[in-house]
Every structure is written in C-alpha cells, then in structure tokens.
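Participant: Mind folding the following:
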Amino acid sequence: MKIKLFTIPNLLTLSNLFCGSVAVVSALVWGDLKLAFGLMVLAAVFDFFDGFAARLLNQSSPIGLQLDSLADDISFGLAPAAIMYSLYQWMPGIWLPEGYPGLVVFVFTACAALRLAKFNIDDTQRTEFCGLPSPAAAMLCGSLGLLFETSGLELPREAISAIAVVVGLLMISNLRMFALKFHGFGWKGNELRYGFIIAAVVTAALLRGYAVPAIIVLYILVSLVRGLACRTKGCGKAE
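Facilitator: Residues are numbered from 1 along each chain as shown. Now for the predicted structure:
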C-alpha cells in the first residue's frame, strides 16, 4: 500500500515541528525566550489546523496521528522545558548551589511524551481530557520566559524546578479536564465552556502579559471543581 507522506495535514504538522525545533534553538542557543514562546504559539496554531485540514480534506491517516504526537512532544514538551532550563541558568537559587544543573526541568518533556502516548490509545478523551493537555502545560511554562523578558519576572531556581515537575505530573494525572469542544452553538450544554471563555477574556483584559499563566491556572482550578462536582452530582448536573 502506497503511503502519502506530504499531504496538506502532514505538512502543517511538520510546520508545527519546525516551529518547536527553532523554539528550542532560540531558548538554548540564542537566549531569546520571547521568540521561543512566540514560536510555540505558532506551533499551536499549526497543531490546530492540521487536524482541521485532515477532517476537511478527509486525509486522516495513522501516520498523521503518529507524526502529530512526535511534533507535539518537540513543540509542547521539549521547547517549554528548554525555556525553563534557560530561566533556571539565569536565576538565583535559595538553597541550590551555584552551578547545580537544572536538568530536572526535562521531567516535563518525559511527562509530555507519556501524556501524548496515553491520549492516542485512550478513547475516553474524545469529549474531555484525562490530565492537563500538553499545549496548555507548555503555554503555562513557556509564558514564564516571556514574562521574564517583557515584565522582569524573577523566580528562584527551586520554584522553576518545582513548576516544571508539578505541571508535568498534572499532564499524566487522572484529573478529568473539560475540552473546549462545543455541542452546537447554543447555551444549553455549553454553559461551562462559554463561562470559561468569558472569564478568560476578562482575565486577559485585566492582567495582560500575565494573562496566559493565569488563564491556564484558572482552567486547572475549574476542572478540579468540576471533578469534585461530578463525584457528588454526576457530570451532567455538574456542567
């Protein structure tokens, strides 16, 4: 059977991978964390449109699925870890000695790989997620580099290491997290999604540069509350 490699969806996925790869270079070689974050955002745009194009053109394929996971682990696993590693090198420590390697941040990359592999074989994640989605986790960690360069945000090395590990563990956790997949455009059945979008817009208007990590943290907190409500009332009523 002849396998088509260079379909439009696959080219979009490769564009995602290219942006993620350059983001890693930008963080580790050029030291430009703002550019690295921007390339991650562009990679996320390509990640969205490759699936959209595959459905629109009826070009979904097993190779596209595997390629998508490989690209995502570079763009949303390695690139944010590279940003965190650069931040670690530049920041002072509280009790970690000078010159102590910050390789622990790459636990994030390993967790992202596990998250993506789990997603590919878990049929329960079509309408909601099990664990924090890797793009959201990447934006949370990568935005710290953006805030360092644009707003002068400073965090001790210990905090950077802890954030990388905790967010990585959230990706492979069993926490059920809602997806922004709308059931039509009506309010009924989409209350949580519309409410979150409104809250995100308000947060962006109020916090501006700090909006990205704030919105991701809000997403995690809303999902936690929703999970607790599901246990007591059932997910239908919790929505």
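Participant: Could you list the low-confidence segments of the chain?
Facilitator: Along the chain, the model assigns pLDDT under 70 to residues 1-3, 97, 99, 182-185, 233-239.
Participant: what are the phi and psi angles of residue 94?
Facilitator: With angles defined as degrees, to the nearest 10, residue 94 sits at phi -90, psi -50.
Participant: hang on, it packs against residue 158?
Facilitator: Yes. Residue 94 is in contact with residue 158 according to Cβ atoms under 8 Å; the separation is 5.5 Å. From N, CA and C alone the C-beta is placed, and that goes for glycine too.
Participant: Which one of those two is surrounded by more residues?
Facilitator: residue 158 (14 against 8; other Cβ atoms under 10 Å).
Participant: which residues does the more buried one contact?
Facilitator: For residue 158, the contact set (Cβ atoms under 8 Å, 6 or more residues apart in numbering) comprises 93-96.
Participant: Helices of this structure, start to end?
Facilitator: 8-25, 33-56, 62-73, 79-90, 107-121, 134-151, 157-171, 191-207, 211-233, 235-238 (DSSP state H).
Participant: Tell me which of those helices sits most buried.
Facilitator: Neighbour counts (mean count of other Cβ atoms under 10 Å) averaged over each of these peak at helix 79-90, with a mean of 25.
Participant: just how off-centre is it within its chain?
Facilitator: 16 Å (Cα atoms, centre = their mean, to the nearest Å).
Participant: Over to stretch 135-148?
Facilitator: Chain-centre distance of stretch 135-148: 9 Å, with Cα atoms, centre = their mean.
Participant: centroid residue for this structure?
Facilitator: Centroid-nearest residue in the chain, with Cα atoms, centre = their mean: residue 135, separated by 1.9 Å.
Participant: Surely that one is in contact with residue 68?
Facilitator: No. Using Cβ under 8 Å, residue 135 makes no contact with residue 68, being 11.7 Å away.
Participant: Now do the shared contacts for those two.
Facilitator: Listed contacts common to residue 135 and residue 68 are residue 47; contacts here mean Cβ under 8 Å, 6+ apart.
Participant: Near residue 28, how many other residues are there?
Facilitator: The burial count for residue 28: 16, using other Cβ under 10 Å.
Participant: Next one: it from residue 134, what distance?
Facilitator: According to Cβ to Cβ, to the nearest Å, residue 28 stands 20 Å off from residue 134.
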